[in-house]
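>>> please find the sequence and the predicted model below.
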Protein chains: 2
Amino acid sequence: MDLDVQKKNLIEELGVHLEKDNLAPLAARIMATLILSGKKGVTFDELVCNLQAGKSTVSTHLDHLQNTKRVKYFTKPGDRKRYFIIDPNLVLNVMDELLNKWENEKKLHLKIREYKQQCNKRAEETGEFQFDLEFQDDFLTFLEETSNAVRKFKSKYISRNK
Amino acid sequence: MDLDVQKKNLIEELGVHLEKDNLAPLAARIMATLILSGKKGVTFDELVCNLQAGKSTVSTHLDHLQNTKRVKYFTKPGDRKRYFIIDPNLVLNVMDELLNKWENEKKLHLKIREYKQQCNKRAEETGEFQFDLEFQDDFLTFLEETSNAVRKFKSKYISRNK
DNA sequence: CCCTTAGTTCGGAGGTTTCCGAACTAACCT
DNA sequence: AGGTTAGTTCGGAAACCTCCGAACTAAGGG
């Protein structure tokens, strides 16, 4: 199959997938384009043309993608254009985001666990326990173990790419 | 501190957190309420009153939460009310969703890898390689390892809760 | 048979997201 | 100075999401 057609299809498919991580449709297409174009970079203009989008739209989304550490650009001497690429640390940044989210989740579930324990203690007199703490404990173990797996991979990844 | 006040605060805090998984604000508050109320269940009316929401809104969101296997209800003989609780399999369901998402992601990255390899092969003649496959490979390993961690926990979880 | 209880369905109001074009800036080129 | 290139900023249009009340169904009680 023609490589260009293949690329277009992959951009669309990858774009749809990326939308699931709270990216606007066009932001997702930008990410997909950059992923499928590699280290040679894609210029602002190429993005506008290829995605058939407004300059302002592309500008805004590129801004956001840079702020969230998903995208970077480089320039060439004597060339005013920006060449956009996916952030070389994207894998690392994604992992850090995941770990952070799970850390917050853990804190919250610990708070909830404590609340439920207090409730149960107060209910001891009347004899009617309202909560088993299983759900919270299961979730906490789940978060703990997956976090560990990610951390382990992260340090392996860091030492390999040093 | 008063347990009721604590509960209200936790519902809000947990609600905000749950919104991040693409839940509408009110759907998130419903989930939070059910999590913080335990196995005794919460009726439709209590949800409407406590959350100060419209009946139709609560009805729609409960529907959606049941379809996505987050919520269940039970009834009591001679009582027409439904008592809503979080789905006892929620932890399992969440894990399955994660695994599924990652499985799709893996397939996509494999497709992309193949496309990039074809591009490189075609570029061999001209001598300019466009892609290193590192990014794809890193991501694939990442997905592989975290998936394994979740699967491992899942089977442990299943055998424990049998 | 009518009333109450426990919800569901439907049409839309209000808010938010997503995108756009027009006007603008900033830098370099002639 | 004027023109071209490479974007940015701003105001608003269109689409979508979230929630609501009013009217409805369905089941049981008197």
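Sure, I can see it.
>>> residue nearest the centroid of chain A?
A:Val94 (4.7 Å; Cα atoms, centre = their mean).
>>> just checking, what packs against the helix or strand hosting that one?
Take DSSP states H and E as the rule and A:Val94 turns out to sit in helix A:90-123. Counting contacts by 3 or more Cβ pairs under 8 Å, 6 or more residues apart in numbering or on different chains; DSSP states H and E, helix A:90-123 is packed against helix A:134-160, helix B:3-19, helix B:134-160. Where you see a C-beta, it was placed from the backbone N, CA and C, and this is true even at glycine.
>>> any idea how far A:Lys81 is from DNA strand C?
Taken as Cβ to the nearest atom of the strand, to the nearest Å, the spacing of A:Lys81 relative to DNA strand C amounts to 11 Å.
>>> show me what contacts the residue nearest to A:Leu18 when sequence neighbours are not counted?
Distance criterion Cβ to Cβ, 6 or more residues apart in numbering or on different chains; nearest residue to A:Leu18, sequence neighbours excluded, is A:Ala28 at 3.9 Å. Under the criterion of Cβ atoms under 8 Å, 6 or more residues apart in numbering or on different chains, the contact list for A:Ala28 reads A:14-19.
>>> what do you get for A:Leu143?
If you count contacts by Cβ under 8 Å, 6+ apart, A:Leu143 has them with A:102, A:105-106, A:109.
>>> so which of the helices and strands packed on helix A:90-123 is nearest A:Arg80?
helix B:134-160 (27.4 Å; Cβ to Cβ).
>>> so how far is that closest one from its chain's centroid?
Averaging C-alpha coordinates over helix B:134-160 and over its chain gives two centres that are 16 Å apart (Cα atoms, centre = their mean, to the nearest Å).
>>> quick one: it to helix A:134-160, angle?
Using axes from the mean of the first three to the mean of the last three Cα atoms, to 10 degrees, one finds that helix B:134-160 and helix A:134-160 are set 150 degrees apart in direction.
>>> and helix B:134-160, what's buried?
Buried positions in helix B:134-160, judged by neighbour count with 16 or more other Cβ atoms under 10 Å in any protein chain shown: B:135-136, B:138-140, B:142-143, B:145-147, B:149-150, B:153-154, B:157.
>>> which of those lies closest to chain A?
Nearest to chain A, judged by Cβ to the nearest Cβ, of the buried residues of helix B:134-160 is B:Ala149 at 3.3 Å.
>>> that closest one reaches A:Ser147, doesn't it?
No. Here B:Ala149 does not reach A:Ser147: they are 9.3 Å apart, not a contact under Cβ atoms under 8 Å.
>>> returning to what we had before: could I get the helices and strands packed on helix A:90-123 as TSV with mean pLDDT?
As requested, those are exported to TSV (pLDDT from 0 to 100):
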stretch	mean pLDDT
helix A:134-160	94
helix B:3-19	97
helix B:134-160	94
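>>> any idea which of those helices gets closest to DNA strand D?
helix B:3-19 (8.0 Å; Cβ to the nearest atom of the strand).
>>> please see if the closest one touches DNA strand C.
No. Contact of helix B:3-19 with DNA strand C (Cβ under 7 Å from any atom of the strand) is absent, the minimum separation being 10.4 Å.
>>> got the contact list for that helix?
Outside helix B:3-19, the residues that reach it (Cβ under 8 Å, 6+ apart) are A:104-105, A:108, A:111-112, A:115, A:118-119, A:122, B:25, B:27-29, B:31-33, B:35-36.
>>> make it 7 Å
Contacts of helix B:3-19 with the rest of the structure, by Cβ atoms under 7 Å, 6 or more residues apart in numbering or on different chains, involve A:105, A:108, A:111-112, A:115, A:118-119, A:122, B:25, B:28-29, B:31-33, B:35-36.
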